[in-house]
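1. need a structure here:
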Amino acid sequence: MKIGILGAGGWGTALAIVLHNNRHNVTLWEYDKEYAHTLDEFRENFYFLPKVKIPQKIKITNNIHEAVRNKEIVVAAAPTQFIRGVIENIKNLDFKDKILLSVSKGIENNTLMTVSQVFQDVFKKINRKNIVVLSGPSHAEEVALNIPTAVVAASYDISNAEIIQKTFSNRHFRVYGSTDVLGVELGGALKNVIAIAAGIAHGAGFGDNTKAAIMTRGIKEITRLGVKLGANENTFIGLSGIGDLIVTCMSPLSRNRFVGEEIGKGKKLKQILAEMKMVAEGVATTESTHGLAKKLRVELPITEQVYKMLFHGKNPHKATEELMTRGLKKEH
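-> Presented below is the predicted three-dimensional model:
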């Protein structure tokens with residue numbers, strides 16, 4: 001198939017390699033013209049996926065129209081907060097015979113929209129059955145090295161989810177199918193908030209007991225908000241829920257956990273982000289999730305404390321004490 005990938009970060013690059021290895025015709029779009037030339041010349045993503053060679057047959061371009069023209073699948077792989085700005089450039093594209101696939105994990109600030117909702121907001125004539133989302137426990141660094149990985153693709157039309165399954169799957173990369181688009185998106189986005197909490201616990205010197213409690217109660221928060229928004233509860237015990245939560249909370253490769261660790265050690269968010277080249281989606285998503293919780297009147301105590309630690313400089317030990325001394329409740 002002819003596939004265009006919008007976004008040459010680590011994830012976009014890793015998926016381009018997966019698709020190339022599956023014998024598809026892949027074009028990778030990089031927004032920075034100079035870096036696009038660097039990627040094309042050296043065939044290595046020095047910033048976001050170092051020491052992994054990009055096959056010569058993957059076309060790299062700075063021209064977004066070249067990346068999407070005559071493609072059967074268009075993959076949006078930019079960070080969530082930049083997605084709208086990217087696709088505004090192609091908003092007149094006809095998606096009647098194309099699949100638009102989101103592989104980003106976040107909730108847009110201000111609008112509080114998931115990426116599939118942003119798609120529908122920008123592409124006024126798009127049939128939502130042509131939208132698919134892909135999520136799950138999948139560090140780009142491991143996917144690019146053919147380390148076995150399982151994810152889930154969701155579409156309002158299961159046949160389009162099945163196309164993505166067949167297009168991406170191989171001996172190292174296994175894709176499951178779903179029709180719960182919203183649930184899969186929310187699982188992938190909200191777990192980043194909980195991963196920041198787990199990182200804070202680690203950086204502050206707490207133990208495995210603490211991280212286990214954060215993960216367990218965290219998936220409860222994710223599920224509570226997801227169901228309130230109309231998602232299927234079972235989705236959150238799957239790959240895009242508990243699966244992605246585990247890898248993001250526990251792995252040193254996690255950017256969101258890293259941000260949390262630095263906060264736990266006493267650093268300020270502004271300083272942490274200034275020193276990072278890659279985007280930690282959970283920071284912006286914490287702000288969006290906090291907004292959604294207030295709007296829908298859903299209780300998310302861990303998310304609330306993460307929000308206060310990130311954006312109001314609350315002391316991690318004080319936040320933890322408040323979580324531990326809340327009114328006692330039944331578990332379920």
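2. got a list of what residue 48 touches?
-> By C-beta atoms under 8 Å, 6 or more residues apart in numbering, the residues touching residue 48 are 8, 9, 10, 13, 140, 277, 278. From N, CA and C alone the C-beta is placed, and that goes for glycine too.
3. take these and lay them out in JSON lines including distance to residue 208, neighbour count and secondary structure.
-> JSON lines is the format used below for the contacts of residue 48 (distance: C-beta to C-beta, whole Å; neighbours: other C-beta atoms under 10 Å; DSSP: H, G, I helix; E, B strand; the rest coil):
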{"residue": "8", "distance to residue 208": "37", "neighbour count": "27", "secondary structure": "coil"}
{"residue": "9", "distance to residue 208": "31", "neighbour count": "20", "secondary structure": "coil"}
{"residue": "10", "distance to residue 208": "28", "neighbour count": "24", "secondary structure": "helix"}
{"residue": "13", "distance to residue 208": "33", "neighbour count": "28", "secondary structure": "helix"}
{"residue": "140", "distance to residue 208": "26", "neighbour count": "22", "secondary structure": "helix"}
{"residue": "277", "distance to residue 208": "30", "neighbour count": "9", "secondary structure": "coil"}
{"residue": "278", "distance to residue 208": "26", "neighbour count": "14", "secondary structure": "coil"}
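4. point to the residue nearest the middle of the chain.
-> Nearest to the geometric centre of the chain sits residue 105, at 2.1 Å (C-alpha atoms, centre = their mean).
5. quick check, that residue in a helix?
-> No. The assignment for residue 105, made by DSSP: H, G, I helix; E, B strand; the rest coil, is coil rather than a helix.
6. OK, contacts around the residue nearest to it when sequence neighbours are not counted?
-> The shortest distance from residue 105 to any non-neighbouring residue, by C-beta to C-beta, 6 or more residues apart in numbering, is to residue 188 (3.8 Å). Applying C-beta under 8 Å, 6+ apart, we find residue 188 in contact with 105, 133, 135, 136, 240, 244.
7. could those go into a markdown table alongside pLDDT?
-> Below are the contacts of residue 188 laid out as a markdown table (pLDDT from 0 to 100):
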| residue | pLDDT |
| --- | --- |
| 105 | 97 |
| 133 | 98 |
| 135 | 98 |
| 136 | 98 |
| 240 | 98 |
| 244 | 98 |
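8. from the residues you listed, pick the one nearest residue 198.
-> The closest of the contacts of residue 188 to residue 198 turns out to be residue 244 (C-beta to C-beta; 12.7 Å).
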